[in-house]
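# Below: sequence and its predicted model.
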Amino acid sequence: MLLEGWGRFPRHESEMLVASAPGELAALLHDRHGMIARGNGRAYGDAAIGSRISVSAKRLNRMKAFDPATGVLTAEAGLLLSEILDAFVPRGFFPPVVPGTKHVTLGGMIASDVHGKNHHRDGGFGALLQSLKLVLPSGETHHCSPDENTELFHATIGGMGLTGIITEASIKLRPIETAFITQKTTVAPDLAAALAALDAADNVTYSVAWIDCLAGGGSLGRSLVYAGEHASRSEMEAARHGDMLAVSRPARLSVPLDLPGWTLNRASVLAFNELYFRKGARNGDAAALVHYNPYFFPLDGVDRWNRIYGRRGFLQHQCVVPPDNAHAVLSEILERFARSGRASFLAVLKKLGQGQGMMSFPMPGYTLALDVHVRDDIFTLLNEIDEVVTRAGGRLYLAKDARQSRATFRAGYPALAQFQDLRRHIGVEGQIASKLSERLAI
Ligand SMILES: Cc1cc2nc3c(=O)[nH]c(=O)nc-3n(C[C@H](O)[C@H](O)[C@H](O)COP(=O)(O)OP(=O)(O)OC[C@H]3O[C@@H](n4cnc5c(N)ncnc54)[C@H](O)[C@@H]3O)c2cc1C
């Protein structure tokens, strides 16, 4: 079948195998080459497309055990984050790390070592992971944890599925009193103010900046910076809110078909950004109670929103750069985008801490994510921006990548040789391979 990621670029033919139980995997994988696990296909590029075969883990979605005293949940790797939230928010528990969509699987979150708005404080998904089970093409199952098969554990966190198929994992959920977040908005007139507001929120659990990346000149990097904490019962009572642990199922809009590529053009994005910024600025400073759905997963409100970029799809360029010189480096990236006239509907800036895995994306610094249409002339601009990132000692996120060069990748991931040695040592080289690992020669 023809497979694609969330950005719908690139598309590749791949055979699809579906695993319904962990016990089936040994027979399913036997004597096959060029396979990769696939979760819910939310990686943007080619990470979840097998070089020949993609193995869907979505039916491995049973919850196996939960201990309310410790918050530890053990579940199969195809369980969706949305299912974890639906089951555990009403019981007063929340996953300590969530990405910007809840339509991702447990296995996908481990394999990308996903980061949330709290990476600067709590680390990535790997930090809350207690243990996992990994099946190799040979049929062997390895139990991995910080104390058992340690190297394999750290290689699997952020290893983009390239160490084997994760079948089960245990994660520690955090207790919450309510399903709401107390959000405070800071209006940052430029990039320096946005970075300062993120730094000032170092001790706040969640922080993120939404950048109007069409603003140039003295307003380059103007942002709304959102800081948030899980709301307490008393805050909810003071605001006279009713159901404190409601899961809430907001009405979902849907993009029913591919919109023409020009729908998102400079003028429409400019108008949207202006309205959005003004509305945020009006609400600035006052603390607001926001349900976790719009706070963490605003884009999930529109089903299949990836269609608004048209049939050719879109790319997300997500880099992280170290803190030294970050202002100059991020300014250069934003300026190059602004100059090129390539509208980015979404530009998000976050602060990151140390990554947990051998190949994890996060490093201490700031991460900037920008979306762009796939067009023939976009690749040269992105290559130039990659050079800026590499010169600054940064790297690109593999879960968003569809196009970086081998040179950019090698410069950004110094543990690559160790990861390749481990793949050889466990005998998965060649057998476990994705279009991404082929493209980047992992
Ligand atoms: C709207 C949106 C917002 C996002 N926001 C964020 C964010 O804030 N932070 C962030 O870090 N990421 C973010 N992402 C990226 C997303 O969280 C990751 O790509 C995640 O890995 C997707 O999970 P999935 O289940 O869809 O996995 P897939 O896309 O199917 O696969 C992703 C990778 O995981 C591997 N994998 C999947 N299942 C298994 C398994 N069982 N065993 C071994 N390997 C496996 C695949 O081989 C592949 O390499 C966002 C994505 C979208 C679409």
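Looks like it arrived, so ask away.

# The ligand contacts on the stretch 201-350 of the chain?
L299 (CB under 6 Å from any ligand atom). No exception for glycine: its C-beta is placed from N, CA and C like everyone else's.

# where do the strands sit along the stretch 201-350 of the chain?
206-211, 223-230, 253-254, 287-291, 302-303, 314-321, 347-352 (DSSP state E, counting those that start in this stretch).

# Save these as TSV, and put in mean pLDDT and mean neighbour count too.
Listed next are the strands of the stretch 201-350 of the chain as TSV, based on pLDDT from 0 to 100; neighbours: other CB atoms under 10 Å:
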stretch	mean pLDDT	mean neighbour count
strand 206-211	96	25
strand 223-230	95	22
strand 253-254	64	10
strand 287-291	89	16
strand 302-303	80	14
strand 314-321	96	25
strand 347-352	96	23
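
# Let's have those strands in JSON lines, adding distance to T186.
Shown next, in JSON lines, are the strands of the stretch 201-350 of the chain (distance: least, CB to CB, whole Å):
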{"stretch": "strand 206-211", "distance to T186": "9"}
{"stretch": "strand 223-230", "distance to T186": "4"}
{"stretch": "strand 253-254", "distance to T186": "29"}
{"stretch": "strand 287-291", "distance to T186": "12"}
{"stretch": "strand 302-303", "distance to T186": "26"}
{"stretch": "strand 314-321", "distance to T186": "22"}
{"stretch": "strand 347-352", "distance to T186": "13"}
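
# So which residues of the stretch 201-350 of the chain form helices?
233-238, 266-283, 292-296, 326-340 (DSSP state H, counting those that start in this stretch).

# Now for L198: which residues touch it?
Residues in contact with L198 (CB atoms under 8 Å, 6 or more residues apart in numbering) are H120, S207, A209, V225, L349, K350, K351, Y366.

# Pull out the buried residues from stretch 83-92.
By neighbour count on 16 or more other CB atoms under 10 Å, the buried set for stretch 83-92 is E83, I84, L85, A87, F88, V89, G92.

# Correct me if wrong: the fifth one contacts P68.
Okay, so that is F88. No - under the criterion of CB atoms under 8 Å, F88 is not in contact with P68, lying 9.8 Å apart.

# residues making contact with stretch 15-27?
Applying CB under 8 Å, 6+ apart, the contact partners of stretch 15-27 are 1, 3, 28, 35, 38, 50, 52-60, 76, 133, 135, 139, 141, 165, 167-168.

# Can you give me the domain boundaries for this structure?
The chain breaks down by automatic domain parsing into domains covering 63-176, 180-411.

# with the contacts of L198 in mind, which one is nearest to the ligand?
Nearest to the ligand among the contacts of L198 is K350, at 7.8 Å by CB to the nearest ligand atom.

# Which of the domains of the chain comes out lowest on mean pLDDT?
With a mean of 87, domain 180-411 has the lowest mean pLDDT of the domains of the chain.

# ok, and F379, which helix or strand is that part of?
Assigned by DSSP states H and E, F379 belongs to helix 378-391.

# Is the next helix or strand along the chain from that helix in proximity to the ligand?
Toward the C-terminal end, the helix or strand that comes next after helix 378-391 (DSSP H and E) is strand 395-396. No - counting by CB under 6 Å from any ligand atom, the ligand is not contacted by strand 395-396; separation bottoms out at 12.6 Å.

# which residues are contacting strand 395-396?
Contacts of strand 395-396 (CB under 8 Å, 6+ apart): 317-320, 361, 363, 386, 389, 404, 408-409, 411-413.

# Recalculate using a threshold of 10 Å.
Here strand 395-396 makes contact (CB atoms under 10 Å, 6 or more residues apart in numbering) with 316-321, 355, 360-363, 365, 367, 382, 385-386, 389-390, 403-404, 408-409, 411-414.

# what packs against the regular element (helix or strand) spanning F419?
Element membership of F419, judged by DSSP H and E, is helix 416-425. Packing contacts for helix 416-425, counted by 3 or more CB pairs under 10 Å, 6 or more residues apart in numbering; DSSP states H and E, involve helix 150-156, helix 406-412.

# just checking, next helix/strand downstream of the first one?
Beyond helix 150-156 in the direction of the C-terminus, DSSP H and E gives the next helix or strand as strand 165-172.

# Kindly point out the strands partnered with that next one and how each is oriented relative to it.
strand 72-76 (antiparallel), strand 129-135 (antiparallel) (DSSP bridges).

# out of the ones you listed, nearest to D421?
Nearest to D421 among the strands paired with strand 165-172 is strand 129-135 (17.2 Å), distances taken as CB to CB.

# With just CA atoms, put the closest one into PDB.
This file holds the C-alpha atoms of strand 129-135, laid out as PDB (Å, rounded to 0.1, in the frame of the first residue of the first chain):
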ATOM      1  CA  LEU A 129       9.300   5.200  31.400                       C
ATOM      2  CA  GLN A 130       9.800   2.500  34.000                       C
ATOM      3  CA  SER A 131      10.400  -0.400  31.600                       C
ATOM      4  CA  LEU A 132       9.600  -1.800  28.200                       C
ATOM      5  CA  LYS A 133       9.500  -5.100  26.300                       C
ATOM      6  CA  LEU A 134      11.100  -5.200  22.900                       C
ATOM      7  CA  VAL A 135      10.800  -8.000  20.300                       C
END
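
# buried ones in that strand?
L129, S131, L132, K133, L134, V135.

# Then stretch 144-161?
Those would be 144, 149, 151-161, for stretch 144-161 by 16+ other CB under 10 Å.

# what about it, how long is it end to end?
Terminal residues of stretch 144-161 are spaced 15 Å apart (CA to CA, to the nearest Å).

# Check stretch 39-56 too.
Stretch 39-56: ends 6 Å apart by CA to CA.

# Among the buried residues of stretch 144-161, name the ones that also lie close to the ligand.
Applying CB under 6 Å from any ligand atom to the buried residues of stretch 144-161, one finds that M160, G161 fall near the ligand.
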